[in-house]
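> Got a sequence here, can you build the structure:
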Amino acid sequence: MDIRRIICGTVLGAAAVTASAASAQEVNVYSLRQPFLVEPLFESFTKETGVKVNVIFAEKGLVERIKQEGANSPADVLMTVDISRIKEAVDAGVTDAVNSDVLEANIPAHLRDENDQWFALTQRGRALYASKDRVTEGEIATYEDLADPKWKGRVCTRSGTHDYNIALVSSMIAHHGTEEAKTWLEGLKANLARKPQGNDRGQVKAIKEGECDVAIANTYYYGKMLDDPEQRAWAESVNIIFPNQNDRGMSMNISGMTLIKGAPNKENAVKLMEFLSGDEAQKIYAEVNYEYPVKPGVEWSDYVKSWGTFKADELPLSEIARLRADAVRMIDEVGYNE
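Numbers count the residues shown, from 1 in each chain. Predicted structure coming up:
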């Protein structure tokens, strides 16, 4: 056996693989978003650019995985489901800034990080849902109304410590200050018809079943319920209400993306991020999941438009992220989930 030949062959083989990887037109995405939401976008990107998108999907734990992988992580882009997950990634030190004129032009300032560490991809509103039979039109119109004693025993929500509700409490702190926001949260807790439980759709189901009259849930779940034969009756039993239209507008939460520090395919990663902020991808995203585009001027899906237009709260998401710890502390102090 010629040992020298074996060693030489191994070295040359490894070099060939390395050269192939270095020249490969690909980008690696770690995604907390479900496959059916993002695969159409990636297919369109590959068709346009020739860059292959490799994806790892998970419901949680991706930031921890990137930290464990360290400098050897293949991750180029992280796609997340809300601002709290984005903040988790930034705080963990695994993200990198992207200086892109395209992203800056496509995404409004309040929907991206001032230090270019993250960018919103889509928006959803934190809407109110009210029984068609038991709540008259105009009877409830703001988040502040949820604390009015008239709604005692008539409100349903999911856990106060769910990311969507933490973001809403953060926005109340930002707009009203800590003291007033806490009074509001205590009033909301006092009006609950039951202990916080379930998911967003479960709150609308509770209205249908008569457990409560008013609930809080994201806008896109309205479309999902209407599309589901088993849940359509839930959605048809309520009116969707866009809160605070006479002042600051409806509180919004987002899905978003970040560039990973040390991304092995950084050029392709930035190219993908820019593509996702563009007209075609924004329209696809909005059509597939009943969400709202972040890029101004991109048309909403016809289905979403049928629910009506609204004024959105333009409080910077960075401010909501900054107040997250205060909101969690406040939710715990009032014993919201107890």
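
> mean confidence for stretch 201-220?
What stretch 201-220 shows for mean pLDDT is 98.

> gap between that stretch and the chain center?
Between the mean C-alpha location of stretch 201-220 and the chain-wide mean there is a distance of 20 Å, by C-alpha atoms, centre = their mean, to the nearest Å.

> ok now stretch 163-175, how far from the chain's centre?
With C-alpha atoms, centre = their mean, you get 14 Å for stretch 163-175.

> again with stretch 248-263
For stretch 248-263 - counting by C-alpha atoms, centre = their mean - the centre lies 7 Å from the chain centre.

> got it, and stretch 320-329?
Chain-centre distance of stretch 320-329: 16 Å, with C-alpha atoms, centre = their mean.

> now do stretch 27-47
15 Å.

> buried stuff in it?
27-33, 37-39, 41-42, 45-46 (16 or more other C-beta atoms under 10 Å). C-beta: built from backbone N, CA, C; applies to glycine.

> again with stretch 211-227
Those would be 212-223, 225-226, for stretch 211-227 by 16+ other C-beta under 10 Å.

> now the residues you listed in a markdown table, with secondary structure and distance to residue 113?
As requested, the buried residues of stretch 211-227 are exported to a markdown table (DSSP: H, G, I helix; E, B strand; the rest coil; distance: C-beta to C-beta, whole Å):
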| residue | secondary structure | distance to residue 113 |
| --- | --- | --- |
| 212 | coil | 37 |
| 213 | coil | 39 |
| 214 | strand | 34 |
| 215 | strand | 31 |
| 216 | strand | 26 |
| 217 | strand | 27 |
| 218 | strand | 22 |
| 219 | coil | 24 |
| 220 | helix | 23 |
| 221 | helix | 27 |
| 222 | helix | 29 |
| 223 | helix | 29 |
| 225 | helix | 33 |
| 226 | helix | 34 |
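
> does the nearest residue to residue 333 once chain neighbours are set aside sit in a helix or strand, and which one?
Counting by C-beta to C-beta, 6 or more residues apart in numbering, residue 333 lies nearest to residue 182, which is 7.3 Å off, once chain neighbours are set aside. Element membership for residue 182, per DSSP states H and E: helix 178-190.

> okay, the helix or strand following that helix in CSV with CA atoms only?
Downstream of helix 178-190, the next assigned helix or strand under DSSP H and E is helix 200-208. What follows is helix 200-208, C-alpha atoms only, in CSV (Å, rounded to 0.1, in the frame of the first residue of the first chain):
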residue,chain,number,x,y,z
ASP,A,200,-54.7,33.6,19.9
ARG,A,201,-57.3,31.6,18.0
GLY,A,202,-58.4,30.0,21.3
GLN,A,203,-59.5,33.4,22.5
VAL,A,204,-61.8,33.9,19.5
LYS,A,205,-63.2,30.4,20.0
ALA,A,206,-64.0,31.4,23.6
ILE,A,207,-66.0,34.3,22.3
LYS,A,208,-68.0,32.0,20.0
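
> which strands and helices sit next to helix 200-208?
Secondary-structure packing of helix 200-208 (3 or more C-beta pairs under 8 Å, 6 or more residues apart in numbering; DSSP states H and E): strand 119-131, strand 155-156, strand 214-218, helix 220-227, helix 232-236, strand 238-241.

> Quick check: buried residues in that helix?
Under 16+ other C-beta under 10 Å, the buried positions of helix 200-208 are 200, 201, 203, 204, 205, 206, 207, 208.
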